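# Quick one, what's the 3D model for this:
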Amino acid sequence: MDLFNILVIAVGLSMDAFAVSIATGLNLEKVTPRHTFRIAFHFGLFQFLMPVLGWLAGSQLAGHIERYDHWIAFGLLAFVGGKMLWESRQVEAERASSDPTRGVMLVTLSLATSIDALAVGLTMAFLGVSVWMPSIVIGVVAAVLSTVGILFGARIGNRWSHWAEVGGGVVLILIGVKILLSHLVVGGMQ
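Residues are numbered from 1 along each chain as shown. Model prediction:
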């Protein structure tokens, strides 16, 4: 597998992380370097680890994971997006200080945006391709695009905070729906 193909795969896999990073930047009142580092590090780490785990799992788990990965990603993203929509309805003073770059929320987002990378790792195992270089490139590209995404979201979020939060929640739900539909349509055609 050449570097160009690896980069194309990495950018494709990172689009969900990029979109979620934008939504995160929209959701935060003020994005700090710490927020940016946490989201870039975790999204990059999960995008690196998932192909490795998929490659290690090999063909024995492929059938089981392929059947449910889209439902898991949809459920996680719909939950987080729904939470953002719910919080957007609250009066500013009533809002809990929810930081999607911390704790369970960050792990949930990292997992939801990297499940497709698991399938890429499984594919690499089937093809007999080494997983290490592609996984490193995928992780770095995801970290870079996540950094760009959260900073972009912060830039536009300060101007339209309420509507940005609504938009961020809708975007997360739509990403989950896109993942679900793409797997159901492809699965239905087979």
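# Quick check: which element contains the residue positioned nearest the centre of the chain?
Centroid check for the chain by C-alpha atoms, centre = their mean gives residue 113 as the closest residue, at 2.3 Å. Using DSSP states H and E, residue 113 maps to helix 103-127.
# And the next helix or strand past that helix?
Counting by DSSP H and E, what follows helix 103-127 is helix 132-157.
# what's the spacing between that following helix and its chain's center?
Put simply, helix 132-157 sits 10 Å off its chain's centre (C-alpha atoms, centre = their mean, to the nearest Å).
# Measure how buried residue 33 is and give me the count.
Residue 33: 7 surrounding residues under other C-beta atoms under 10 Å. From N, CA and C alone the C-beta is placed, and that goes for glycine too.
# ok, it to residue 110 distance?
19 Å (C-beta to C-beta, to the nearest Å).
# How about residue 72: what's its closest non-neighbour residue?
The shortest distance from residue 72 to any non-neighbouring residue, by C-beta to C-beta, 6 or more residues apart in numbering, is to residue 115 (6.1 Å).
# you'd agree the one you found is up against residue 50?
Yes - taking C-beta atoms under 8 Å as the definition, residue 115 is a contact partner of residue 50 at 7.0 Å.
# Neighbour count for those two, which is higher?
Shown here are residue 115 and residue 50; by other C-beta under 10 Å, residue 50 has more neighbours (26 against 23).
# these two touch, right, that one and residue 117?
Yes - when contacts are counted by C-beta under 8 Å, residue 50 is listed as touching residue 117 (3.7 Å).
# helices or strands up against the longest helix seen in the chain?
The residue-count maximum for a helix in the chain (DSSP state H) belongs to helix 33-88. For helix 33-88, the packing partners by 3 or more C-beta pairs under 8 Å, 6 or more residues apart in numbering; DSSP states H and E come out as helix 3-27, helix 103-127, helix 132-157, helix 161-189.
# so how far is residue 105 from residue 12?
Separation of residue 12 from residue 105 (C-beta to C-beta): 25 Å.
# Compare neighbour counts for the two and give me the winner.
residue 105 (17 against 14).
# Tell me the secondary structure at residue 100.
Following DSSP: H, G, I helix; E, B strand; the rest coil, we place residue 100 in the coil state.
# If I look at the residue nearest to residue 72, what pLDDT would I see?
On pLDDT, residue 115 comes in at 83.
# Isn't the residue nearest to the centre of the chain up against residue 22?
No - Residue 113 is not in contact with residue 22 according to C-beta under 8 Å; the separation is 11.9 Å.
# re the thing from before, and the residue nearest to the centre of the chain, what is it in contact with?
Residue 113 is in contact with 16, 17, 20, 43, 46, 47, 73, counting by C-beta atoms under 8 Å, 6 or more residues apart in numbering.
# Recalculate using a threshold of 10 Å.
Applying C-beta atoms under 10 Å, 6 or more residues apart in numbering to residue 113 gives the contacts 13-21, 42-43, 46-47, 50, 73, 76-77, 142, 146, 172, 175, 179.
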